[in-house]
Each structure stands twice: as C-alpha cells, then as structure tokens.
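Chemist: just to be clear, the model below is a prediction. Sequence and coordinates:
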Number of protein chains: 2
Amino acid sequence: MAVNLQIPSESEIFPVAGVEIGVTEAGIRKANRRDLTVFRIAPGASVAGVFTRNRFCAAPVQVSKAHLALGGPIRALVINTGNANAGTGESGLNIAKDSCAELGKLLGVPAEQVLPFSTGVILEPLPLDRLVAGLPKAIAALGNNEWFNAAHGIMTTDTLPKIYSRRVEIGGKTVTLTGISKGAGMIRPNMATMLSFLATDAGIAQPLLETLARELADQSFNRITIDGDTSTNDSFIVIATGKSGLQVNSVNDADYAALRQAMAEASADLAQKIVRDAEGATKFITVRVEEAGNTEEALKVAYAVAHSPLVKTAFYASDPNLGRILAAIGYAGIDDLDTAKLRLWLNDVLVAKDGGRNPDYREEDGQQVMKQAEILVRIALGRGQIADTVYTCDFSHEYVSINADYRS
Amino acid sequence: MAVNLQIPSESEIFPVAGVEIGVTEAGIRKANRRDLTVFRIAPGASVAGVFTRNRFCAAPVQVSKAHLALGGPIRALVINTGNANAGTGESGLNIAKDSCAELGKLLGVPAEQVLPFSTGVILEPLPLDRLVAGLPKAIAALGNNEWFNAAHGIMTTDTLPKIYSRRVEIGGKTVTLTGISKGAGMIRPNMATMLSFLATDAGIAQPLLETLARELADQSFNRITIDGDTSTNDSFIVIATGKSGLQVNSVNDADYAALRQAMAEASADLAQKIVRDAEGATKFITVRVEEAGNTEEALKVAYAVAHSPLVKTAFYASDPNLGRILAAIGYAGIDDLDTAKLRLWLNDVLVAKDGGRNPDYREEDGQQVMKQAEILVRIALGRGQIADTVYTCDFSHEYVSINADYRS
C-alpha cells in the first residue's frame, strides 16, 4: 500500500550511455527471485559513494569505501539481495572482497575496481558460491536498458520498484539521469536496507562528484525518516559516464548549477519513493520548518515531529491532534524557543499561534487535511530565515505487524 | 495489561504524618470520576519539585515553578485530571493561579503557598468553576490515609493505580515514605501526562531537598521511556514533613545516605510502575549499558536501543532479533565505537561478541529469554567503567490502537 508511488513505464526509462546492467536469479536466499545485479561501467566514468554512519557497517560497505578510497576508476558493481553480509566479521569481509575479485576476473578488471553491495538478512554468512555461480548469468544478461529489471533486482520487502528517469537539456547537450532505490523500513525484519544507484551520462570530474554525492545525499536520503533506525548497509552511489558530451569540472562551470539541480531532483525523488513505500505507510508527510535560526535547529524540530510515534499514529488515524505536534516541537531541544512566536499549519490551515490553538481554527478544517494521503506540516519558529524539510510517513498497525512478524 | 505492576493492599500503605489528602468527583471533564485531589501539608514541611523541560510547558507547571521559586513554605497541592491546562496561554495561567487562590482561601493560606497540577486534555480551557465547586468537597474528605484514593484520583488512562509505601528504620527513627504516580504514554490521546508525589515524614532541609529531588528524578523518571515523547505537564514533587523526628540538613549528616537510598528506591519504583502500565505494554525491558567511557555515552546507547521501534516490536514478537539491537547500538552516536569489543546479553545469554553473533549462541536460548515478561538487555561497550540503566517497554498493536483512536 505505497502512497502515490509513480512507476515510469519502460518507455519512460532512458538508458545511460556507459552503463550496462545485468540481472539474474542466483538463489542467494530463495529461488525464483531476481537477487543478483551487475553494473558494468565504461572506462572514463567517475563514481562516488555515500555510506551509512552506523558503526556496525556491513562488510560490503567497508570494502566499497576502501575501493573508492584507492582513487582508481570503478568499472563494475555487484549487488545481491537476500543477505546483507553484515555482522559477519572477518569472514564476511573476505566474502565481499572475493565477490569483487570474481566479477573482476570475468570482466577483465582488477578486484579493486569493483564495488560490492548487499541487502537482506543480517548476521548470517553470505553464500559466496551461489553468488559466484550467478555472475556469468548476470554478465550474459548485460544490456543498455535493464534499469526496470534492476529496480526489481534490488528489492527485498519493497512492495514496488523505485525508478527515476529524465532527460534534460544542459549546455546544448541532452543529458540523461536514471536511477533506482530500494528500502522500506530502515531495517525490515532483519533486512538491511537502503540502496540507491543514480547514473548520468554527464561527465563530472571525480573530486567534484565526491562533493556532489555528499551534498545530494544530505538533501535527499538524509532528509527522510521512517522509524529513526539507521541501517548497517545504507549506500548511495552516483555514476557520471561523460558519454553525453557535457563535462563539468568545477562548481564554477557554467553548466554546473543546472546539472546539480537535475541531480538533486533525481536523488530527492529516489529518496522520497522509499518513504512512499515505507512499511505500513498510508500517508506521505512533509515536515517543513521555516524561520529557524540555523539548519541544525530546523532539523531538530523537523525530526522531533517526524519521529514522534504519537504524531505518526495521529496521522494514521487522520486525527488533527495539535497537542502532539506542539509537544514534539516543545521537546525538540531548542531551549530558548519562544512558543508565543510559533505558528503551525496543516497544509494551508493555520492551526496554532500565540502559544496555543488559533482561535479561528475549526477542527473540521484540520480533519479535512488529515484525511488526505499527502500532508504538509509547516512550522514557523519566528527565530530567523532558515528553512528545511524532512519527509516521513505515518505509523500504522501494519508497521507493527510487519516488524513483529517473526523473521521468516 | 500492565506488566507485573504490584499494588499494595490498603493495609500496606502507611500514612505520612503531616500530609492529609482529600479526593472528590468534581466533574471536570466527565461525571462519576475521582478527578480532584487536594494535599494539605503541615507547617514546617519542605517541598521541592522537578518539572518537564518541554518548551510548551503547561500553565500549572509555570505557576508551580513560580510559587516554589518564591522560597516560602508550601502548604497545599491542588491536582485535577480531565484537563491539562496546557497550550492555553494567558487565560490558562490565570486559571491556574485562581485555583491556588481559591484553595488557599478555604485553607487559610496565601495563594503562593499552593501548587497546582493538571493532567488531561490539552489545548482546551480548564473549567475553573467546576474545580472551585469541588474544593469544599475535597477538603471535607481530607484524611490521613487517603493515598490509595489519591492514586486513583490522579489516574487518566492509566489502567492501574501506582503506589509505593514503605517504613524504614533510619537513625533510630521509623521513617515512612509513601508516594503515587500516574502516566501511561508520554501523551496519551491528548492526555498530559506524568505526575508523581512522594512524601516522607523525615525532615530534609529545603536546599538539600531541592538538590535531592533533582537527583531522584534524574535516576528514576529521567531513566524511563515509553515512546520518547516528553509531555507538557510532567511534574515530580517531594514533600518532607519532618514529623518522624529524623532530620537531615546536609549531605554529610550521618543519616543522609540511608534516607537518600530509601528515597531513591521509592522514586525508582514509582517511575518504573509508569512503564509497567505503559500503553499497550506486554513486557518490561531493562536496558543496562556497562563499560561506557562516561554517563552520556552509556545513555546514548541505552536510549537508542530503548527508543528503536524495530527493537520494541521485536520484543513484542518475542523475537531475539539481534541485528536490530546491534544496529541501534551502531547508530547511537558513538563515533569511535569499536564493535569488536562489544558484548550483548539477553538476561544471562551472551548473544553477540567480536562484532557479530556469539558462535556458541543458540537461537532457542535467546527465544527463551524473549518470551518472558521481564527482560534484561545488557550491553558492555569495552570503553570504560561507567554503567547506566534505562527502563522501557515493548511496542504493540495495542499501542497503535490506543494512540490512533480519535480523541474521545
């Protein structure tokens, strides 16, 4: 029951020159399921990644970071579902490295030019033999427009594939941006977790792409929350092949702003699609905080509201329960917050001001907003000029059911 | 469905000399419900309070803090349920002050010697007329051992009354400690929220009592969490009447340590009873973090585990889902955590070490622990000598049902 999650038709998904994808069934955990995806990346591409900050980061995250840190080109990705290779110690690291070596051997590139990604059950050994046995099939399946297949191939308990694709004119060139993401809760019953791969045929110099990838993640994947849990495997990879002929090397280049904007829209969409398919979600909630003194306090308030189980259950119930939102703002950690200056809107309905309920507010107006599938909670703090936004979902019976099911 | 919440029989509840309580039905929100409680405190008693840090703190909290700050004696408390008088602006403040004045008039003490407390619906005006009309009845009901009645009188959506009472010998005197608490989620459908009143007939000098009250709250009410939401009305009041003949004036007094210990046990019990009666709780979870470098990091880890909806739903499901606990530890915010040094136990079962699952761990042993109603999660960080503990509960379908019910 994803919330307004748009899936482009196959004809709306544009290939990215310089990226080939192959997807196959390797039986990592279960049979008859696309669970192994290989990316082959043309020479000359730049690749950058942003990874989970969880201290229990998974073996493939550690290996991907190490390979990227070497500074050499990245020529391939190997992605499996069914097993996260997390909490698996030294042997897990070796398995992640071996999967890179095996794919590298088949593609004729060094192991260090391959990045591994895993998602699925944690604390269990990844069956390397099955993964390796699947690689030739994945390579045989390599094609220019396998993004739809790949969006399915990286799903675990996602209910729908998540794909973004767009063509945009920048600097006289037609630039393509296509990407996929997956993830439904931060960790679904032992499933770990959020992955996203975004490719463009624009060329972006390696140091610039590394900065850009962090900025994109910060404005997209770091602005969503489902249950406040951060997984062991979260990874966001950006690939810039340069095949369109557009090349940017510095933030001062004339075309950088437009390209950055397009990339930001793509990553925001891929991030928000994860929320739209969140475990048990019935509503997509945008929490926008305005008039903050700085970004930190804007985010403190936005996350306090977005994480509050009481606020989230009220959304589920379509209950315009103002007290819960005000209380969450009140405990967000801004010690000198002047509650008399604060205003709160549900969509365009002003519900609170002057430290309490807006006298003109009518419950039926709030109720009307809360019944909708997409809700904007707008909070003005009266402290400054900074605004920021976080995306989340409601908290339903289904969330508890999904997460209280014994791992199966 | 409270978890092992012990209610003393009336014969086990000892009156505290110097404290009289009267409870009545004032019809604040609904008829036929004990909703107004008055404490009369004998001259010479010390009274101290600890209050919510929520910036949207309720009118009675503001008035109680102001009256305590005057430094004069406190001679009475007036406590209503049914309405929290929160988010009510200037008129709410006047109502809280007027309730003190009215009770003061009837008892012959100045308004500033009365502290008001409210719990119930927020953002609605407190009907002062009904409260005032009930005061003479509450005063007529004043008695020496009305604690059981008062424990009921302060309940809102609590399923059971919460009472602690004990007699202890200190310094050759028999000292009584009796207290009550209420609260079920941090904010139950528009209900706000945690109140606790602890009285002793020991005498404790006013400045010492103020310090002690903060310390007690820190080790009891500040060590419990149900859903991470902090209410607008939380208040903890400590009364020391001195009628037992025991008097302590300084932390260096011979009897202080024993008295402090007894008071700490009382407040911990009153706090933990709130968790035992938490909304939808089926399990009582103790999260103990050991070998931390300091208290702050011990609490970061303990709260990350105790707040994680994924951990809490796993407890509800009796699922020894280690990955979720390890992931929560990993994102708790200790940047240099060495996961290889960490150990995790469920009761006495060592489930994780060396950065992954304990090879000797058997799932059925973890399962056995998880089935119980009281579970100890013990985490050793391998960083230092500091330990700290937080108490919480599981996260059930019932929690969502309770909080998704439209306010009624």
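Modeler: Arrived safely. Residues are numbered from 1 along each chain as shown, chains lettered A, B, ... in the order given.
Chemist: enumerate every residue touching the nearest residue to A:R40 once chain neighbours are set aside.
Modeler: Residue nearest to A:R40 in three dimensions, not counting chain neighbours: A:E20, with 4.5 Å by Cβ to Cβ, 6 or more residues apart in numbering or on different chains. In short, each C-beta sits where N, CA and C put it, glycine included. Taking Cβ atoms under 8 Å, 6 or more residues apart in numbering or on different chains as the contact definition, A:E20 lies against A:F39, A:R40, A:L142, A:G143, A:N144, A:E146.
Chemist: please pick the buried ones from the residues you listed.
Modeler: Buried residues within the contacts of A:E20, counting neighbours by 16 or more other Cβ atoms under 10 Å in any protein chain shown: A:F39, A:R40, A:E146.
Chemist: doesn't A:L135 lie inside a strand?
Modeler: No - according to DSSP: H, G, I helix; E, B strand; the rest coil, the state of A:L135 is helix, so it is not within a strand.
Chemist: and it, how many residues sit next to it?
Modeler: The local packing count at A:L135 equals 21, with neighbours defined by other Cβ atoms under 10 Å in any protein chain shown.
Chemist: same deal with A:D129?
Modeler: Here the number of neighbours of A:D129 (other Cβ under 10 Å) works out to 9.
Chemist: helix or strand next in line after the one helix or strand it maps to, which one?
Modeler: Using DSSP states H and E, A:D129 falls within helix A:128-140. If you walk from helix A:128-140 toward the C-terminus, the next helix or strand you reach (DSSP H and E) is helix A:147-153.
Chemist: against which helices or strands is that next one packed?
Modeler: Here helix A:147-153 is seen to pack against strand A:19-24, strand A:36-41, strand A:162-170, strand A:173-182 when contacts are counted using 3 or more Cβ pairs under 8 Å, 6 or more residues apart in numbering or on different chains; DSSP states H and E.
Chemist: pairing partners for the second one, with directions?
Modeler: The one in question is strand A:36-41. Neighbouring strands of strand A:36-41 in its sheet, by DSSP bridges, are strand A:19-24 (antiparallel), strand A:76-83 (antiparallel).
Chemist: and those strands as JSON lines, adding mean pLDDT?
Modeler: Output for the strands paired with strand A:36-41, formatted as JSON lines (pLDDT from 0 to 100):
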{"stretch": "strand A:19-24", "mean pLDDT": "97"}
{"stretch": "strand A:76-83", "mean pLDDT": "96"}
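Chemist: from these, which stretch is densest packed?
Modeler: Each of these was assessed for mean neighbour count using mean count of other Cβ atoms under 10 Å in any protein chain shown. The highest is strand A:76-83, with a mean of 26.
Chemist: so, low pLDDT: which residues of the stretch 1-150 of chain A?
Modeler: Under the criterion pLDDT under 70, the flagged ranges of the stretch 1-150 of chain A are A:1.
Chemist: residue of it nearest chain B, please.
Modeler: Scanning the stretch 1-150 of chain A for the residue nearest chain B gives A:F56, at 3.5 Å (criterion: Cβ to the nearest Cβ).
Chemist: tell me the SS of that residue?
Modeler: coil.
Chemist: that one is in contact with B:T339, isn't it?
Modeler: Yes - counting by Cβ atoms under 8 Å, A:F56 does reach B:T339; the two are 5.4 Å apart.
Chemist: mutual contacts of these two, please.
Modeler: Contact criterion Cβ under 8 Å, 6+ apart; residues shared by A:F56 and B:T339: B:L326, B:G330, B:G355.
Chemist: out of the residues you listed, which is most surrounded?
Modeler: Neighbours here are counted as other Cβ under 10 Å. On that basis the top member of the shared contacts of A:F56 and B:T339 is B:L326, with 27 neighbours.
Chemist: can you give me every residue that contacts the nearest residue to that residue once chain neighbours are set aside?
Modeler: Once flanking residues are discounted, B:L326 sits nearest to A:F56: 5.1 Å by Cβ to Cβ, 6+ apart. Contacts were defined as Cβ under 8 Å, 6+ apart; by that measure A:F56 touches A:A86, A:G87, A:T232, B:L326, B:A327, B:I329, B:G330, B:T339, B:G355.
Chemist: let's go with 7 Å and repeat that
Modeler: If a contact means Cβ atoms under 7 Å, 6 or more residues apart in numbering or on different chains, then A:F56 has A:A86, A:G87, A:T232, B:L326, B:A327, B:G330, B:T339 as its contacts.
Chemist: one more: A:S220?
Modeler: Residues counted as contacts of A:S220 (Cβ under 7 Å, 6+ apart) are A:S267, A:A268, A:L270, A:A271.
Chemist: which two of those lie the greatest distance from each other?
Modeler: With distances taken as Cβ to Cβ, the most widely separated pair in the contacts of A:S220 is A:A268 and A:L270, at 7.4 Å.
Chemist: comparing the two, which residue is more hemmed in?
Modeler: Residue environment comparison for A:A268 versus A:L270 gives the larger neighbour count to A:L270, 25 against 19, counting by other Cβ under 10 Å.
Chemist: give me the element the more buried one is part of.
Modeler: helix A:256-276.
Chemist: and the contacts of that helix?
Modeler: Here helix A:256-276 makes contact (Cβ under 7 Å, 6+ apart) with A:2-5, A:162, A:164, A:166, A:168, A:170, A:175, A:177, A:179, A:181, A:183, A:194, A:196, A:198, A:200, A:202, A:212, A:216, A:219-221, A:223-224, A:226, A:248, A:284, A:391-393.
Chemist: are any of these buried, and which?
Modeler: Judged by 16+ other Cβ under 10 Å, buried ones among these: A:2-3, A:5, A:162, A:164, A:166, A:168, A:170, A:175, A:177, A:179, A:181, A:183, A:194, A:196, A:198, A:200, A:202, A:212, A:216, A:220-221, A:223-224, A:226, A:248, A:284, A:391-393.
Chemist: if I look at the most centrally placed residue in chain A, how far off is chain B?
Modeler: A centroid search over chain A (Cα atoms, centre = their mean) returns A:A271, at 3.8 Å, as the residue closest to the centre. Using Cβ to the nearest Cβ, to the nearest Å, one gets 18 Å for the distance from A:A271 to chain B.
Chemist: hang on, A:T389 packs against A:R288?
Modeler: Yes - proximity of A:T389 to A:R288 meets the contact threshold set by Cβ atoms under 7 Å, at 4.6 Å.
Chemist: for the residue of chain A most remote from its centre, give its distance to chain B.
Modeler: For chain A, the C-alpha farthest from the mean C-alpha position belongs to A:P359; by Cα atoms, centre = their mean, that distance is 40.2 Å. The gap separating A:P359 from chain B is 10 Å, by Cβ to the nearest Cβ.
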